[in-house]
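In: Structural data only, the sequence is not supplied:
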């Protein structure tokens, strides 16, 4: 019923850059946790009810993210794959509790026979989030939804053509999604299980909760350390599209760079092309490059004109009376180019 076929035997790819600038969670790697349905009997049937299945994926994510030293690229690869699988299974488990037809891509074509055979195309994770909010009435905040959607994109990239992303960014997103899914299981899935079913799952959620606490503790320490570095450049610090931290600094001389996850765009244009709608870009009065965004939300909690090429922060810009390019306010009402052309006539 998954929206795309899972294949945990995806070929290894050295796809995740890891910054070795500080220790991670220095502890012995725990033994893998086994849920009640797992068995060593080769003749036993595989039996993973949806909630138990989703929690087992969460246990796997915890195992891959917490260990001695930083997680390896392989650890992070499987953490991404299994965390997305957990999100899909658990969100759809709640939809199924509301009504089994809601997990179909098109509920209007749903039949009980297809559902019981698992012979149908299920809705996407995005659609599941939307249906949980609109139909079931579960409040899902925008940040959690954005983190899950980003996770789905990372999983699809990794599964089908390889993923290149800073490991710090993956960890930050993973910690956020893990935290959301834990609360989701406790609030919206466990209350509908029998006491015996819930008891068997809660013991394993405790281990996942400990992983989330350690990840968040690590991330908090890193944020606190960066706070001092970033205090003098708040007007040109943005939220990083990869790790969602307010640590992407513009105007460093080497292109926009995230101090948190270390991702870097050597060219301001490259960053803008990938993250901003083209018609928002204007010509910068300072460097004359087409890398100015007239209103950018920055870490200083305001919106202002910022050039992603030279890093110049403008307090205010107006349109030139002659050519409509943006310029700093002046008595003439014209930009420097138009003013120079006007004087050249004399």
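Out: It's in. Since we're looking at a predicted model, the values are computed, not measured.
In: so where's this structure shaky on pLDDT?
Out: Low-confidence segments of the chain, defined by pLDDT under 70, are located at 1-48, 67-69, 161-165, 273-279, 345-346.
In: distance of residue 207 from residue 83?
Out: Relative to residue 83, residue 207 is positioned 15 Å away (criterion: C-beta to C-beta, to the nearest Å). C-beta: built from backbone N, CA, C; applies to glycine.
In: Same question for residue 223.
Out: Counting by C-beta to C-beta - residue 223 and residue 83 are separated by 21 Å.
In: neighbour-wise, which of the two wins?
Out: Set side by side, residue 223 and residue 83 give different neighbour counts by other C-beta atoms under 10 Å, the larger being at residue 83 (27 against 15).
In: Tell me if I am right that the more buried one is in a strand.
Out: No. Secondary structure of residue 83, determined by DSSP: H, G, I helix; E, B strand; the rest coil: helix, with no strand assignment.
In: residues contacting it?
Out: Residue 83 is in contact with 57-58, 61, 151, 155, 174, 177-178, counting by C-beta atoms under 8 Å, 6 or more residues apart in numbering.
In: any idea where the strands of the stretch 201-346 of the chain begin and end?
Out: Using DSSP state E, counting those that start in this stretch, the strands of the stretch 201-346 of the chain run over residues 237-239, 246-249, 257-258, 292-298, 302-307, 318-319, 326-327.
In: okay, the ones you listed in JSON lines with mean neighbour count and distance to residue 88 next?
Out: JSON lines is the format used below for those (neighbours: other C-beta atoms under 10 Å; distance: least, C-beta to C-beta, whole Å):
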{"stretch": "strand 237-239", "mean neighbour count": "21", "distance to residue 88": "26"}
{"stretch": "strand 246-249", "mean neighbour count": "24", "distance to residue 88": "29"}
{"stretch": "strand 257-258", "mean neighbour count": "22", "distance to residue 88": "28"}
{"stretch": "strand 292-298", "mean neighbour count": "18", "distance to residue 88": "31"}
{"stretch": "strand 302-307", "mean neighbour count": "18", "distance to residue 88": "36"}
{"stretch": "strand 318-319", "mean neighbour count": "12", "distance to residue 88": "48"}
{"stretch": "strand 326-327", "mean neighbour count": "21", "distance to residue 88": "45"}
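In: Please consider this matter closed, and thank you.
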